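Student: please find the sequence and the predicted model below.
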Amino acid sequence: MADSRIFGRTSKMIEKALNISAKRHNLIAGNIANMDTIGYNPQDLDFNRTLKRAMGEKEQASLDKTHHKHLPANGEESFSMKEESIRDVDIYHLDTVNIDTQMMNLMENNIKYRATTEMLLRKMKILQYSIDEGGR
């Protein structure tokens, strides 16, 4: 998006939040797809930390890159991965993916995605109202 007063920080934040929600949805879907895979470790994103990182806010214990060609710290990408606890696994099954936890994560992600989409729609409505000169 163009960097202007109309499409400013809010639009960029909404865009990045939607991208993070889509990435998290893919990870959760992968966890569900590999539910019967023995030894599979479920993956998830920490939505809030990832959004802060994507918006350029510094975390307290983060490393700064001094050159644009340097690799990210600790091999991390711009997404913050969240490890799930294997203690919740049923001891009589060999799988490590808890379907209830994954479905809860999927619902939570869906709610965040829908709320973000609603923010985008309201932003567009405000722009449309402004273009129509307030309904004249």
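Tutor: Nice, thanks for sending it over.

Student: where is the longest helix in the protein?
Tutor: Longest helix in the chain, counting residues (DSSP state H): helix 99-131.

Student: show me where pLDDT drops low in the chain?
Tutor: 1-6, 57-65, 68, 70-95, 135-136 (pLDDT under 70).

Student: and if we set it to 90?
Tutor: Where the chain drops to pLDDT under 90, the residues are 1-13, 15-16, 35-99, 123-124, 126-136.

Student: mind listing the helices for it?
Tutor: Taking DSSP H, the helices of the chain run over residues 9-33, 47-54, 99-131.

Student: give me the helices and strands touching the first one, please.
Tutor: Using 3 or more CB pairs under 8 Å, 6 or more residues apart in numbering; DSSP states H and E as the contact definition, the elements that helix 9-33 packs against are strand 43-45, helix 47-54, helix 99-131. Where C-beta positions appear, they are placed from N, C-alpha and C, glycine not excepted.

Student: try it again at 10 Å.
Tutor: strand 43-45, helix 47-54, strand 81-83, helix 99-131 (3 or more CB pairs under 10 Å, 6 or more residues apart in numbering; DSSP states H and E).

Student: quick one: which of these is nearest Lys69?
Tutor: Nearest to Lys69 among the helices and strands packed on helix 9-33 is helix 47-54 (19.2 Å), distances taken as CB to CB.

Student: packing partners of the closest one?
Tutor: Short answer (3+ CB pairs under 10 Å, 6+ apart): helix 47-54 packs on helix 9-33, strand 81-83, helix 99-131.
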